[in-house]
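A.B. asks: no sequence on this one, just coordinates:
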């Protein structure tokens with residue numbers, strides 16, 4: 001299953017920026033890297049023996065890419081390798097990285113909507129990006145990740161869950177669903193409220209739903225009381 005470096009929203013700094021990872025021996029697949037993530041990677045000593053490094057980005061808000069530049073610099077100058085970055089909008093990612101001084105020769109960018117490869121340690125890996133509703137100013141993506149013989153949906157930041165994903169959870173195709181969840185509920189909210197999450201999933205499938213990207217208005221006991229789970233953060 002996915003491991004988490006942090007599980008907070010942009011303003012919930014106590015819980016750290018939400019980011020997930022899968023690791024095996026010298027391979028690491030990282031999903032998002034907000035401003036707090038690089039320091040946490042070092043604290044957890046996840047970069048020390050790294051040889052195969054994959055970074056998946058859901059969108060370019062600061063709490064999801066705030067330390068991407070630092071991580072690429074560290075990988076290039078200290079680990080002497082180019083990490084592979086996955087993001088569907090090639091022009092946007094290249095422009096963003098260029099603006100913070102990261103040149104194209106420091107990383108490899110994969111911008112296909114669907115991609116699969118075989119890693120020596122992680123085995124067969126596939127990612128399918130799915131456009132999700134979040135804000136009007138930048139594109140945002142959820143993703144279906146297949147890794148280590150498990151299949152997950154990871155929402156990134158989204159105000160709704162596509163019927164396709166809901167049906168996959170109902171049918172048992174997904175092992176887990178990770179959804180950004182907030183306590184605030186109001187028209188035009190760019191995140192999914194706990195109220196809407198409850199309306200989307202009946203109790204019998206809620207054990208497969210893991211809440212993340214929690215805001216300051218939500219309470220973990222309330223999430224648990226309604227049958228959902230909360231991701232646990234690595235110590």
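C.D. replies: Thanks, I have it. This is a predicted model, so every value here is computed, not measured.
A.B. asks: quick check: phi and psi at residue 4.
C.D. replies: Reported as degrees, to the nearest 10, the phi and psi values for residue 4 are phi -120, psi 140.
A.B. asks: surely it and residue 230 touch.
C.D. replies: No: taking contacts as Cβ atoms under 8 Å, residue 4 lies outside contact range of residue 230: 9.8 Å. In short, each C-beta sits where N, CA and C put it, glycine included.
A.B. asks: joint contacts of the two?
C.D. replies: Counting by Cβ atoms under 8 Å, 6 or more residues apart in numbering, the common neighbours of residue 4 and residue 230 are residue 212.
A.B. asks: more neighbours: which of these two?
C.D. replies: residue 4 (22 against 17; other Cβ atoms under 10 Å).
A.B. asks: for residue 105, which non-adjacent residue is closest in space?
C.D. replies: residue 82 (7.6 Å; Cβ to Cβ, 6 or more residues apart in numbering).
A.B. asks: same check, this time on residue 133
C.D. replies: Excluding the flanking residues, the one nearest residue 133 by Cβ to Cβ, 6+ apart is residue 159, at 4.9 Å.
A.B. asks: cool, residue 147 as well?
C.D. replies: Excluding the flanking residues, the one nearest residue 147 by Cβ to Cβ, 6+ apart is residue 125, at 5.0 Å.
A.B. asks: hey, what's the one you found bridged with?
C.D. replies: In this entry, residue 125 is beta-bridged to residue 117, residue 147, by DSSP bridges.
A.B. asks: so what's it up against?
C.D. replies: By Cβ under 8 Å, 6+ apart, the neighbours of residue 125 are 29, 54, 116, 117, 118, 119, 145, 146, 147.
A.B. asks: I'd guessed the third one sits against residue 124; true?
C.D. replies: Pointing back at residue 116 there. Yes: here residue 116 reaches residue 124: they are 6.9 Å apart, a contact under Cβ under 8 Å.
A.B. asks: identify the contacts common to those two.
C.D. replies: Counting by Cβ under 8 Å, 6+ apart, the residues touching both residue 116 and residue 124 are residue 146.
A.B. asks: contacts only, for the closest residue to residue 89 other than its chain neighbours.
C.D. replies: With sequence-adjacent residues excluded and distances taken as Cβ to Cβ, 6+ apart, residue 89 is closest to residue 139, at 5.5 Å. Listed by Cβ under 8 Å, 6+ apart, the contact partners of residue 139 are 59, 88, 89, 92, 131.
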